[in-house]
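Colleague: How does the following fold in three dimensions:
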Amino acid sequence: MKHLIVGPDNHGVTAYALSLAQATGADVIREDTFTDQPLPDEPIHVTFTDYLFGSTPQEAVDKLLARVGERELSVSFHDIPQVEEGTDRFARRADAYRRLHARAQLTGTNSAHEAQFFDGDAAVIHLPVPVIASAFDPEPGTVGVLGFVYPGKGHEDLVAALPDKRLRFLGSVSAGHEKWAQELVRTAGKVELTGWLDDAAMAREMGRIEVPVCAHRHFSASGSLMTWLGAGRNVLATDSDYTREIDAWLPGRITLVADGAWREAVEAFEPKVMDPPEYGWADVARGWEDAWRSTGLL
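Modeller: Model (predicted):
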């Protein structure tokens, strides 16, 4: 089976695809942007989010299916449509994703919550928990959010709820949201945008945070949450189907926060450090290999 990997190296979905290929020892067809070059005559695995493959969801699926042709197809789905995106956008994306799912011999998602989009007809293989060597040295009054900064990830909710806290957003502003981020900082009390951090700097800055937070309004799967857990931190996270799923899978590490309850949760939070969960790329690889074998793709 060949892995067709599309997108820039620093994109989260592309990075997942590259790591999965490495962990499974797969042969890779690598493209920064999607092309129409012929594929080898064998099963194809694709790590899919629509905007890496086309200018619209329908175009992305049309182009991918035309290129795959009659070959057997395995798809790891990411950024699965959610109704919270808005009625029109959800309908456009949902139709495209379901069409691709119907064509594939195997569909995989990162959570049971996401698999429900396909009526449960998908292999559930959780995101890996990376082991992060982060020195635990929290600075009092600091509240931290990890990863790309963009609307809907809860930054605005924390700014509104915690004007007296030191809010530290560890990561780059997503392209196209620079003005939004500048306005967020201008209207806030104590906010720091660190910008891009390499792995060593990110680990160091994570250790300085007293209250790690994942405040996404609409969870489906979260590399940011897994990174906090990989540093052995306990985390405040928005109460959702996804975070309840992860809390049940990895108990004792997440405190679920109801809508509008950030201040109370932060005030009651007691930071601690523990051994990170033992679930890495080798486990993810085994999950995919088992799924491929069960469908005759491996």
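Colleague: Now tell me which helix or strand of the protein has the poorest mean pLDDT.
Modeller: Using mean pLDDT, DSSP states H and E, the weakest-scoring helix or strand in the chain turns out to be helix 178-187, at a mean of 88.
Colleague: Show me what counts as buried in the helix of greatest length in the chain.
Modeller: Longest helix in the chain, counting residues (DSSP state H): helix 87-103. Within helix 87-103, the residues that qualify as buried are R92, R93, A94, A96, Y97, L100, H101, counting by 16 or more other C-beta atoms under 10 Å. Just so you know, the C-beta spots here come from the backbone N, C-alpha and C atoms, and that holds for glycine as well.
Colleague: same question, stretch 21-29
Modeller: By neighbour count on 16+ other C-beta under 10 Å, the buried set for stretch 21-29 is A21, A23, T24, A26, I29.
Colleague: which non-adjacent residue is nearest A265?
Modeller: V257 (4.4 Å; C-beta to C-beta, 6 or more residues apart in numbering).
Colleague: actually A221, not the one I wrote
Modeller: N110 (3.7 Å).
Colleague: again with D247
Modeller: Nearest to D247 is I254, by C-beta to C-beta, 6+ apart, at 4.6 Å.
Colleague: and the one you found, what pLDDT?
Modeller: I254 is assigned 97 on the pLDDT scale.
Colleague: what's the answer for G147, then?
Modeller: G147 is given a pLDDT of 89.
Colleague: Let me know the helix or strand that the closest residue to it other than its chain neighbours is in.
Modeller: Excluding the flanking residues, the one nearest G147 by C-beta to C-beta, 6+ apart is S224, at 4.0 Å. In the assignment (DSSP states H and E), S224 maps to helix 223-230.
Colleague: still on that earlier bit, tell me which two of the buried residues of stretch 21-29 sit farthest apart.
Modeller: A23 and I29 (17.2 Å; C-beta to C-beta).
Colleague: sorry, back to before: near the residue nearest to A265, how many residues? Count them for me, please.
Modeller: The number of residues packed near V257 is 24, by other C-beta atoms under 10 Å.
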